[in-house]
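> Take a look and give me a structure for this.
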Amino acid sequence: MRKITAAAIVFCMIAVLLQTGCGREKEVSDTGFYLDTSCTITIYDIEKDRGEKLIKRSFSLCRKYEDLMSKTVKGSDIYRINHAEGEPVEVSSATLRVIKEGIKMGQVSDGRFDITVGRLTDLWDFDSDDPSVPDQPDIDAALKTIDYKQISIKGNKVSLEDPEAEIDLGGIAKGYIADRITGMLTDAGVKQAIINLGGNVAAIGEKSAGTPWKIGVETPYSNRTKIEGYVEAADQTVVTSGIYERYFKVKGKKYHHILDPDTGYPVENDVLAVTVTGKAGSSMKCDGYSTVCLLLGTDRGRKLIEKTPGLEAMFIDKDKDISKTKGMNFKK
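As a prediction, this is how the structure comes out:
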């Protein structure tokens, strides 16, 4: 799950602004490391034992879907597809749904978002203690394998026309998992909760009657010490993607982890960060569109969001200027 994840710090690039004295009698919270990031689940107005059990179930879902969709977990659906040398692989309905959403993101972005970018992401190992710029011949070879249109789906079997290609669902899988946790908690009767999967925040209910949650958006390159403002959310999902989350420097030049499938290098445009919001249960969609917008740039990204029902967005550009769609509920 090589989304845009930071170190094991709950704040990541998006935080919940929880104020004291909010009138709740009970609160249960826990943090675990899943999906290559720190994940925190907080449930309000619930008995301690029940809340702990539900949080444990939430983390079990994180592990379950990571074991299905991570390209690095041996035996996962994605690992098996990537190592099948082009042969069809039977996958779970969950994996199939995320792959189909990934293909859709490729379509709406004119190929700028491409889930067959796996060989390229392997070259850029941002988790290494000593990361480096890949050799150009290796990048050129990886680029030849990138084309989401080569993914073949027949029933619940998936294959890749190019046996050298690799799928990487890091751009949307975490959103899918946030949706599954949201649904599970809601079905269990939870009325107030915050699910924070390292930048993918799902808000169940309101902070109190008539008062939405405040989800803070980090100031780029502030090392999680400052926020630009906050998004008000009630029964909504808020996803922020930024080029400042993982990067390294070589000879003074920054190389971030949002890779351009056309050049093989970190994408270069005017965007530092994008925050996308949608209704509860749409975290996977927001996850995908936030990355798409980072790849497209401010103007094209905003136009795409404006014609996509149910989504709103805010952009922070490299001049630190903020622009947003008309219905985006962002406040400084």
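> show me what contacts residue 34?
Taking CB atoms under 8 Å, 6 or more residues apart in numbering, we find residue 34 in contact with 59, 62-63, 66, 197. C-betas here are computed from N, CA, C, even on glycine.
> if we go to 7 Å?
By CB atoms under 7 Å, 6 or more residues apart in numbering, the contact set of residue 34 is 59, 62-63, 66.
> Repeat that for residue 250.
Here residue 250 is in contact with 132-133 (CB under 7 Å, 6+ apart).
> likewise the one 4 residues further on?
The contact partners of residue 254, by CB under 7 Å, 6+ apart, come to residue 247.
> Low-confidence ranges, this protein, go.
Within the chain, the segments meeting pLDDT under 70 span 1-25.
> domain parsing for it?
14-68+172-331, 72-160 (automatic domain parsing).
> quick one: which of these is nearest residue 166?
When these are compared by CB to CB, domain 72-160 sits nearest residue 166, at 2.7 Å.
> what's the offset of that closest one from the middle of its chain?
Here domain 72-160 is found 16 Å from its chain centre; the criterion is CA atoms, centre = their mean, to the nearest Å.
> what about it, how long is it end to end?
17 Å (CA to CA, to the nearest Å).
> Kindly give a single PyMOL line that selects the buried subset of the contacts of residue 34.
Applying 16 or more other CB atoms under 10 Å to the contacts of residue 34, the buried members can be selected in PyMOL as follows:
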select buried, resi 59+62+66
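> I'd like the contacts of residue 34 as JSON lines, with secondary structure appended.
Shown next, in JSON lines, are the contacts of residue 34 (DSSP: H, G, I helix; E, B strand; the rest coil):
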{"residue": "59", "secondary structure": "helix"}
{"residue": "62", "secondary structure": "helix"}
{"residue": "63", "secondary structure": "helix"}
{"residue": "66", "secondary structure": "helix"}
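> most tightly surrounded among the domains of the chain?
domain 14-68+172-331 (a mean of 19; mean count of other CB atoms under 10 Å).
> The stretch 51-200 of the chain: helices as residue ranges?
In the stretch 51-200 of the chain, the helices defined using DSSP state H, counting those that start in this stretch lie at 77-82, 93-108, 118-123, 136-143, 173-187.
> rewinding a little: any chance of JSON lines for the domains of the chain, columns distance to residue 166?
Listed next are the domains of the chain as JSON lines, based on distance: least, CB to CB, whole Å:
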{"stretch": "domain 14-68+172-331", "distance to residue 166": "13"}
{"stretch": "domain 72-160", "distance to residue 166": "3"}
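> Alpha carbons of stretch 240-260, in CSV - could you do that?
Taking Å, rounded to 0.1, in the frame of the first residue of the first chain, the C-alpha atoms of stretch 240-260 are listed here in CSV:
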residue,chain,number,x,y,z
THR,A,240,-5.5,15.0,1.5
SER,A,241,-2.6,14.1,-0.8
GLY,A,242,0.6,16.1,-1.0
ILE,A,243,4.0,15.9,-2.6
TYR,A,244,5.7,16.9,0.7
GLU,A,245,4.8,13.7,2.5
ARG,A,246,7.6,11.6,1.2
TYR,A,247,10.7,12.8,-0.6
PHE,A,248,14.4,12.9,-0.6
LYS,A,249,17.1,15.2,-1.8
VAL,A,250,20.0,14.6,-4.2
LYS,A,251,22.4,17.5,-4.9
GLY,A,252,19.8,19.9,-3.5
LYS,A,253,16.9,18.7,-5.7
LYS,A,254,13.8,17.3,-4.1
TYR,A,255,12.3,14.1,-5.5
HIS,A,256,8.8,13.3,-4.2
HIS,A,257,6.8,10.2,-4.4
ILE,A,258,4.0,11.2,-6.8
LEU,A,259,5.4,9.7,-10.0
ASP,A,260,4.5,10.8,-13.6
